[in-house]
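A.B. asks: Everything below, folded, please.
(4 chains)
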2 protein chains.
Amino acid sequence: MQRSVKMKDVARAAGVSVMTVSRAFKKDGSVRPETRDAILKVAEELGYVFDSTAANLRSQRTDFIAVTIPSINNANFADTVAGLSDVVSGEGLQVLLAYTNYDMEQEERAIEQLLRRRPEAIVVTGGKHTPRARRLLESAGIPVVEAWDLPPDPVDNVVGFSNAATMETMVTHLVAQGHTRIAFIGGDADADTRGADRRHGFSGAMSAHGLTCDRLIEAGPPPISMREGASAMARLLELHPDTEAVVCVSDLSAFGALTECQRRGLRVPEDMVITGFGAYEIASVCVPTLTTVNPFPQKIGEETARLILQALQKPARHQVRQIAPELVVGGSSERHVERVSG
Amino acid sequence: MQRSVKMKDVARAAGVSVMTVSRAFKKDGSVRPETRDAILKVAEELGYVFDSTAANLRSQRTDFIAVTIPSINNANFADTVAGLSDVVSGEGLQVLLAYTNYDMEQEERAIEQLLRRRPEAIVVTGGKHTPRARRLLESAGIPVVEAWDLPPDPVDNVVGFSNAATMETMVTHLVAQGHTRIAFIGGDADADTRGADRRHGFSGAMSAHGLTCDRLIEAGPPPISMREGASAMARLLELHPDTEAVVCVSDLSAFGALTECQRRGLRVPEDMVITGFGAYEIASVCVPTLTTVNPFPQKIGEETARLILQALQKPARHQVRQIAPELVVGGSSERHVERVSG
DNA sequence: CGTGGCATTGGTATCGTTATCAAAGCAACT
DNA sequence: AGTTGCTTTGATAACGATACCAATGCCACG
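C.D. replies: The predicted structure is shown next:
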């Protein structure tokens, strides 16, 4: 059994002490280069695999960065994790990922599980948590980052943007195009807090523009799929056939809505204007391209990573870093349909 | 500092020994229910958070299942991880994820890092690895699963399917529709072994049907995006304008190709037949729907999980579980375009 | 009433590394 | 030569849980 090769065995074989072997495995250990090379060679020959469980306990460091996201199967959150992971892995830190299925109870359990692993820092998506989850985060004694949101009362650090404000921008864009009968397709308000914020942002913006906001289509619990976007569009057309434009909670539902229009022979944007959210790849490839909002998910991850690395070096609390989202106007809301460079 | 609350402190506060506290935190510990409840209550009040780093070392169990995937931002692999995670989490096991960017060197490093964490089992995507990565897996002393492939010489267990065979099915389907001038859009052969297998499967199938196979479009290194699918289609139309059908390495590139046709006014499937791979959601939503192959990614994950759970209970080696992929015929390859139920 | 068996609890050594302190070796200086 | 300072190495005691064995209390039974 190779598995029982320990540092002691390597030390014996290399003719040094375990302490020297230990140092040889650290990158900044003060070991003579020739000694280190010899040790690593012996270790490789013996099939030794460093045991971080022991190192973790003794050094009180795990080099884990804990992260919770609503769903692993969402390109936006995946981009955030990728950005975060790429930056922290350069410092020898590893992401420990858990997902919550857009459920605060499950988030609480995930946070508890993650904290037991003694991560160096923890990142959660969104700013709404169960009371106990909040307590766990507050007393964790490590840097906490809430991402993808701007919570009114942050636990600690924040890297995000105002979901509501993006909808304001979007409604203003549509009103500028001359539309007034504007609908919203989104999920159930409670489960997906970012989706709910967008819904509230939409209603607020409509009121601000003096428009009535009675075309809200519930697309069910998150995540809202393309298919659910399509069926929501079908429902919208039944309930409010005179709708001019529809704001969707994400590009996925927006694309679904777009296909439903295509199936019904409705032209986009001539007969129906559609907008999405997230700047998923599909938004810039489909025909017509989708008007959307780019929240720069990867950038959120990278900025989160940088914030964490700083906080680990020199403790700091309650930092807020806003990532300004960008309106991306596509053919789905404009007469002049641009083309994707092929 | 709450962080310094240890089991000893809980034990003292609850008036029991540390051993009893330890047992109270295990689900099957032999502790009187009232004692357990009292201990857990005291622990919660003190803000005690169980320290698994210590438990891991002493019990020689981490309850980690290590997993490497080529990219976190791929719905198919995400589904596999979700399926795996859902099943193992029921047994108190947690997925420890790393990604390789479709690079064997990076896979080797990821595997080494993961093994240091002493996982209970390790899952890798695909059946091709660097010699050292293979050695690491072989001597890890834990169950190993290669997923998403049927390697000719497996390291240990396998849960997957033949990527080449799926292309055989696809070509046969297209030939049955009367097509002969069939092209392939895919990535560079070396980096993505599954993509390469599909390419080889395609060429083999073409030859088997007596067709020439000279319409291979290189779409660059993986992952092949929608946009790359679109530009590959543009190149194909320049090089071989008389192409009747194109087999794409994935639904993403297939959708990109579809949009390129739409922009050029080519009708699908009348003027151009397109097929994909993966049964991504978009394949069943876009207009027309895409003919594709469903490899049941979630099922691969679930089956992998079950195999691992069995192997952990009763050691077993070299099991192979095939997940039969399914041809999904959509509107992109058939005259009778079906509709998505809206 | 003594004994056996079960449920529950406690004491102690230990998992495999690293923090810490100490010492040895060596070069450069007074 | 003795001293200082630096680099490199080693011995020992932890890190905070759990495995293992032992002991206690209680009930049922002959």
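A.B. asks: residues near residue A:119, how many?
C.D. replies: 22 (other C-beta atoms under 10 Å in any protein chain shown). From N, CA and C alone the C-beta is placed, and that goes for glycine too.
A.B. asks: which one is the residue of the stretch 151-300 of chain A found nearest DNA strand D nearest to, not counting chain neighbours?
C.D. replies: Nearest to DNA strand D, among the residues of the stretch 151-300 of chain A, is residue A:156, at 22.4 Å (C-beta to the nearest atom of the strand). Closest residue to residue A:156 apart from its sequence neighbours, by C-beta to C-beta, 6 or more residues apart in numbering or on different chains: residue A:144 at 3.9 Å.
A.B. asks: next one: residue A:228
C.D. replies: Per C-beta to C-beta, 6+ apart, closest to residue A:228 is residue A:219, 4.7 Å.
A.B. asks: Let's verify residue A:57: helix, strand, or coil?
C.D. replies: helix (DSSP: H, G, I helix; E, B strand; the rest coil).
A.B. asks: residue boundaries of the helices in chain A?
C.D. replies: A:7-14, A:18-25, A:33-46, A:52-59, A:75-89, A:104-116, A:131-138, A:163-176, A:193-208, A:226-239, A:251-264, A:281-285, A:297-313 (DSSP state H).
A.B. asks: Comparing those, which comes out most buried?
C.D. replies: Most buried of the helices of chain A by mean neighbour count (mean count of other C-beta atoms under 10 Å in any protein chain shown) is helix A:251-264; its value is a mean of 26.
A.B. asks: Could you measure from the residue nearest to residue A:297 when sequence neighbours are not counted over to residue A:280?
C.D. replies: Once flanking residues are discounted, residue A:297 sits nearest to residue A:79: 3.9 Å by C-beta to C-beta, 6+ apart. Distance from residue A:79 to residue A:280, counting by C-beta to C-beta, to the nearest Å: 10 Å.
A.B. asks: ok, back up a step: want to try TSV for the helices of chain A, with distance to DNA strand D and mean pLDDT as columns?
C.D. replies: Output for the helices of chain A, formatted as TSV (distance: least, C-beta to the nearest atom of the strand, whole Å; pLDDT from 0 to 100):
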stretch	distance to DNA strand D	mean pLDDT
helix A:7-14	7	95
helix A:18-25	3	95
helix A:33-46	4	94
helix A:52-59	3	98
helix A:75-89	24	98
helix A:104-116	9	97
helix A:131-138	15	97
helix A:163-176	39	96
helix A:193-208	33	93
helix A:226-239	43	97
helix A:251-264	42	97
helix A:281-285	45	98
helix A:297-313	18	97
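A.B. asks: Of those helices, which is nearest residue A:182?
C.D. replies: The stretch from those with the least distance to residue A:182 (C-beta to C-beta) is helix A:163-176; that distance is 5.7 Å.
A.B. asks: other SSEs contacting that closest one?
C.D. replies: Other elements packing on helix A:163-176 under the criterion 3 or more C-beta pairs under 8 Å, 6 or more residues apart in numbering or on different chains; DSSP states H and E are strand A:182-186, helix A:193-208, strand A:245-248, strand A:273-275, strand A:292-294, strand A:326-328.
A.B. asks: Compute the inter-axis angle for it and strand A:182-186.
C.D. replies: Angle, helix A:163-176 to strand A:182-186, by axes from the mean of the first three to the mean of the last three C-alpha atoms, to 10 degrees: 150 degrees.
A.B. asks: Dump helix A:163-176 to CSV, keeping only the CA atoms.
C.D. replies: This file holds the C-alpha atoms of helix A:163-176, laid out as CSV (Å, rounded to 0.1, in the frame of the first residue of the first chain):
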residue,chain,number,x,y,z
ASN,A,163,-30.0,44.5,-9.5
ALA,A,164,-32.9,47.0,-9.2
ALA,A,165,-30.9,49.8,-10.8
THR,A,166,-30.2,47.7,-13.9
MET,A,167,-33.9,47.4,-14.5
GLU,A,168,-34.3,51.1,-14.2
THR,A,169,-31.7,51.5,-17.0
MET,A,170,-33.5,48.9,-19.1
VAL,A,171,-37.0,50.5,-18.7
THR,A,172,-35.5,53.9,-19.5
HIS,A,173,-34.0,52.4,-22.6
LEU,A,174,-37.3,51.0,-23.7
VAL,A,175,-39.3,54.1,-22.9
ALA,A,176,-36.7,56.1,-25.0
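A.B. asks: any residues touching that helix, and which ones?
C.D. replies: A:149, A:182, A:194, A:197-202, A:204-206, A:208-209, A:211, A:245, A:247, A:273, A:275, A:277, A:291, A:293, A:295, A:325, A:327, A:329, A:333 (C-beta atoms under 8 Å, 6 or more residues apart in numbering or on different chains).
A.B. asks: what about the closest residue to chain B within the stretch 101-250 of chain A, distance to residue A:307?
C.D. replies: Relative to chain B, the nearest point of the stretch 101-250 of chain A is residue A:141 (3.8 Å; C-beta to the nearest C-beta). In this structure, residue A:141 and residue A:307 are 17 Å apart, going by C-beta to C-beta.
A.B. asks: How about residue A:327?
C.D. replies: 26 Å.
A.B. asks: likewise residue A:51?
C.D. replies: Distance from residue A:51 to residue A:307, by C-beta to C-beta: 31 Å.
A.B. asks: can you check residue A:255 too?
C.D. replies: Residue A:255 is 33 Å from residue A:307, by C-beta to C-beta.
A.B. asks: need the residues of chain A near DNA strand C, please.
C.D. replies: Contacts of chain A with DNA strand C, taken as C-beta under 7 Å from any atom of the strand, map to A:4, A:6-8, A:18-19, A:22, A:25-26, A:50-51, A:53-55, A:57-59, A:61.
A.B. asks: redo that, cut-off 10 Å
C.D. replies: Selection of chain A residues close to DNA strand C by C-beta under 10 Å from any atom of the strand yields A:3-11, A:17-26, A:29-30, A:43, A:48-61.
A.B. asks: Now do residue A:116 against residue A:206, distance only.
C.D. replies: 45 Å.
A.B. asks: what's the answer for residue A:100, then?
C.D. replies: Counting by C-beta to C-beta - residue A:100 and residue A:206 are separated by 30 Å.
A.B. asks: And for residue A:79?
C.D. replies: Relative to residue A:206, and taking C-beta to C-beta, residue A:79 is found at 30 Å.
A.B. asks: swap in residue A:330?
C.D. replies: 22 Å.
A.B. asks: Ok, residue A:280 next?
C.D. replies: According to C-beta to C-beta, residue A:280 and residue A:206 sit 25 Å apart.
A.B. asks: Run through the residues of the stretch 1-150 of chain A sitting next to chain B.
C.D. replies: Along the stretch 1-150 of chain A, the residues adjacent to chain B under the rule C-beta under 8 Å from any C-beta of the partner chain are A:1-3, A:47, A:49-54, A:56-57, A:62, A:72-73, A:75, A:78-79, A:81-82, A:85, A:94-99, A:112-113, A:115-118, A:135-136, A:139-141.
A.B. asks: quick one, domains of chain A?
C.D. replies: Chain A breaks down by automatic domain parsing into domains covering A:2-50, A:60-161+A:297-324, A:163-294.
A.B. asks: Pipe those into CSV and attach distance to residue B:122 per row.
C.D. replies: As requested, the domains of chain A are exported to CSV (distance: least, C-beta to C-beta, whole Å):
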stretch, distance to residue B:122
domain A:2-50, 12
domain A:60-161+A:297-324, 15
domain A:163-294, 29
